[in-house]
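> Okay, sequence plus prediction incoming.
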Amino acid sequence: MADLIVKAAVKEALKDKNVASDFYDALDEEVKELLEDAARRAEQNDRKTVQPRDL
């Protein structure tokens, strides 16, 4: 699986919280699905460019 998220950035965003080691994989999978859905929506609208509205 390609890493789509940066662990250090996630940890910084969550500042005072502890982050379970498997959280990163779960978050990466959620991001992957979000990107796939956005790409599918752009394609359904005859576009090659994924835009914010595809989210």
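Looks like it arrived, so ask away.

> and the helix or strand that D28 is a member of, what other elements does it pack with?
Secondary structure from DSSP states H and E places D28 in helix 23-44. Judged by 3 or more C-beta pairs under 8 Å, 6 or more residues apart in numbering; DSSP states H and E, the packing partners of helix 23-44 are helix 7-13. Just so you know, the C-beta spots here come from the backbone N, C-alpha and C atoms, and that holds for glycine as well.

> buried sites along the helix it packs on?
Across helix 7-13, burial judged by 16 or more other C-beta atoms under 10 Å covers no residue at all.

> which residues are in contact with it?
Contact partners of helix 7-13, identified using C-beta atoms under 8 Å, 6 or more residues apart in numbering, comprise 19, 23-24, 27.

> Got a quick ChimeraX command for the buried subset of those residues?
One line in ChimeraX is enough to select the buried ones among the contacts of helix 7-13; burial here means 16+ other C-beta under 10 Å:
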select :23,24
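
> Just name the closest of the contacts of helix 7-13 to E33, please.
Ranked by distance to E33 (C-beta to C-beta), these are led by L27 at 10.9 Å.

> Distance-wise, check the residue nearest to Y24 when sequence neighbours are not counted relative to L27.
Leaving aside its sequence neighbours, Y24 sits nearest to K7 (C-beta to C-beta, 6 or more residues apart in numbering; 5.5 Å). Between K7 and L27 the distance is 9 Å, computed by C-beta to C-beta, to the nearest Å.

> ok, now V10?
To L27, V10 is 7 Å away according to C-beta to C-beta.

> Check K11 too.
K11 sits at a distance of 11 Å from L27 (criterion: C-beta to C-beta).

> ditto for T49
Distance of T49 to L27, computed by C-beta to C-beta: 25 Å.

> what do you get for L34?
For L34, the distance to L27 equals 10 Å [C-beta to C-beta].

> With N18 instead?
Where L27 is concerned, N18 sits at a distance of 15 Å (C-beta to C-beta).

> which intervals of this protein have sub-threshold pLDDT?
Counting by pLDDT under 70, the ranges of the chain that qualify are 1-2.
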